[in-house]
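Student: Requesting a structural model of the entry that follows:
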Amino acid sequence: MNRHRTSFLMQRDGHVQDAADNARNELARQLPSGFMMEVVTATCPGCGQELTRGFGDKLFYGWGRWSDCQCVENAKSRAATEFSNAHRQRFVDAIWADTNVPKHFRASSFGTFERTDAINAGLAYCEEYARAFDPESTATGILLVGRSGTGKTSLAVATARAIAEQHLVQPLFYSSVTLVDDFLRGGNGRIFNYDAIDRTVAAELLILDDLGQECVTERSGEVLFRVIEYRYREERPTIFTSNYGVQQLRDHLGTSITSRIVERAAPVLVDGEDYRRQLAERRLGERRQPTRSPAR
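Tutor: Modelled structure (predicted):
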């Protein structure tokens, strides 16, 4: 669990506990009090639920505590919602600032995609994957494949953004080329940057972009195998993007790496026209729009 989600949950749980204690104290003021030598019952004036109080597992220096009723549960639920509404975005922003996503893609979200027949199937798959993601149990990832410029990287980042927002998971972005460069930095061609290694293999959700674009050497193959093999064994989810199909990846990277990828990541085709060209044309058209003079 990343430090941002841990901090959020600890603060939220503290807020919920305070709300529950306040609700219990308010309820206790409305019910019989005193030293109880036996278990007694009463009815909550708020929800009508039967309560018990007296000796038992909730005894505290001879004073029993009334059992919780729906009023206490409602207070806890309201407190959790209030805390989330007031503070969750702050934690999401802190997570997103630490993703290593390039500036060009940082604003990508499911809402920024133009819904076309070509991309709808892949988009729907990624939306469902993000919705169903479980930080404690999700072990599978996605392999987004398609021609250059169809929006694979944007879709991968949008998926990671949705997972961060919905589940407070910490994504980490690397292009395969940058990953190899970072791992070998300063090592004269040997794996050397152990901080980068540790961060990458341990990431809650890794985006490995442009798989197959790296120059295939013995060292680069070793880097990719180390990352993919570790995440495969530890069942950590990865979102891959590649211009290559599965067979082309097998020819480029070898069977050992590719088989681990396709076992843990479902191939999803991202088809359609060049997404980057469409965006460029749209922006160009917006710049050419004449500005209207203010009404007089």
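
Student: Every contact and neighbour count from this point should use C-alpha atoms.
Tutor: OK.

Student: Now do the contacts for residue 47.
Tutor: The contact partners of residue 47, by Cα atoms under 8 Å, 6 or more residues apart in numbering, come to 69, 70, 71.

Student: which stretches of the stretch 51-200 of the chain have low pLDDT?
Tutor: The model of the stretch 51-200 of the chain has pLDDT under 70 over residues 54-64, 186-192.

Student: the helices in it, which residues?
Tutor: Ranges of helices within the stretch 51-200 of the chain are 70-96, 117-132, 152-167, 176-184, 194-202, based on DSSP state H, counting those that start in this stretch.

Student: Just name the most buried of those.
Tutor: Ranked by mean neighbour count, the helices of the stretch 51-200 of the chain are led by helix 152-167 with a mean of 23 (mean count of other Cα atoms under 10 Å).

Student: which residues touch it?
Tutor: Outside helix 152-167, the residues that touch it by Cα under 8 Å, 6+ apart are 89, 92, 95-96, 101, 105-106, 108-110, 123, 126-127, 129-131, 133-135, 144-146, 169-171, 205, 207, 209, 239-242, 270.

Student: Residue 234: which of the contacts of residue 47 is nearest?
Tutor: residue 70 (40.9 Å; Cα to Cα).

Student: Grab the nearest non-local neighbour of the closest one.
Tutor: residue 47 (6.5 Å; Cα to Cα, 6 or more residues apart in numbering).

Student: Residue 131: what's it in contact with?
Tutor: Applying Cα under 8 Å, 6+ apart, the residues contacting residue 131 are 162, 163, 166.

Student: mind redoing it with 10 Å?
Tutor: Contact analysis of residue 131 by Cα atoms under 10 Å, 6 or more residues apart in numbering lists 125, 159, 162, 163, 166, 167.

Student: What of residue 41?
Tutor: Contacts of residue 41 (Cα under 10 Å, 6+ apart): 31, 32, 50, 51, 52, 53, 54, 66, 67.

Student: looking at this, it is in a helix?
Tutor: No - counting by DSSP: H, G, I helix; E, B strand; the rest coil, residue 41 falls outside a helix, being strand.

Student: just checking, residue 28 touches residue 52?
Tutor: No - the criterion here is Cα atoms under 10 Å, and residue 28 misses it with residue 52 at 11.6 Å.

Student: May I have the beta-bridge partners of residue 40?
Tutor: According to DSSP bridges, the residues that bridge with residue 40 are residue 53.

Student: unless I'm mixing things up, it is touching residue 51, no?
Tutor: Yes - here residue 40 reaches residue 51: they are 8.3 Å apart, a contact under Cα under 10 Å.

Student: between these two, what contacts are shared?
Tutor: residue 66.

Student: My understanding was that residue 84 contacts residue 8; is that so?
Tutor: Yes - the criterion here is Cα under 10 Å, and residue 84 meets it with residue 8 at 8.7 Å.

Student: Give me the common contacts of these two.
Tutor: Between them, residue 84 and residue 8 share the contacting residues 90, 91, judged by Cα under 10 Å, 6+ apart.

Student: Assign residue 207 to helix, strand or coil.
Tutor: strand.

Student: Could you list which residues are in contact with residue 211?
Tutor: 143, 145, 174-177, 224, 240-244, 249, 252-253.

Student: Just the closest of the residues you listed to residue 118, please.
Tutor: residue 145 (13.1 Å).

Student: The closest one: what's it in contact with?
Tutor: 122, 151-152, 210-211, 240-246, 267-271.

Student: cool, residue 244 as well?
Tutor: Neighbours of residue 244 in contact, by Cα under 10 Å, 6+ apart: 144, 145, 146, 147, 148, 210, 211, 212, 213, 250, 251, 252.

Student: The third one against residue 268, yeah?
Tutor: Okay, so that is residue 146. Yes - look at residue 146 against residue 268 with Cα under 10 Å: they come within range, at 8.6 Å.
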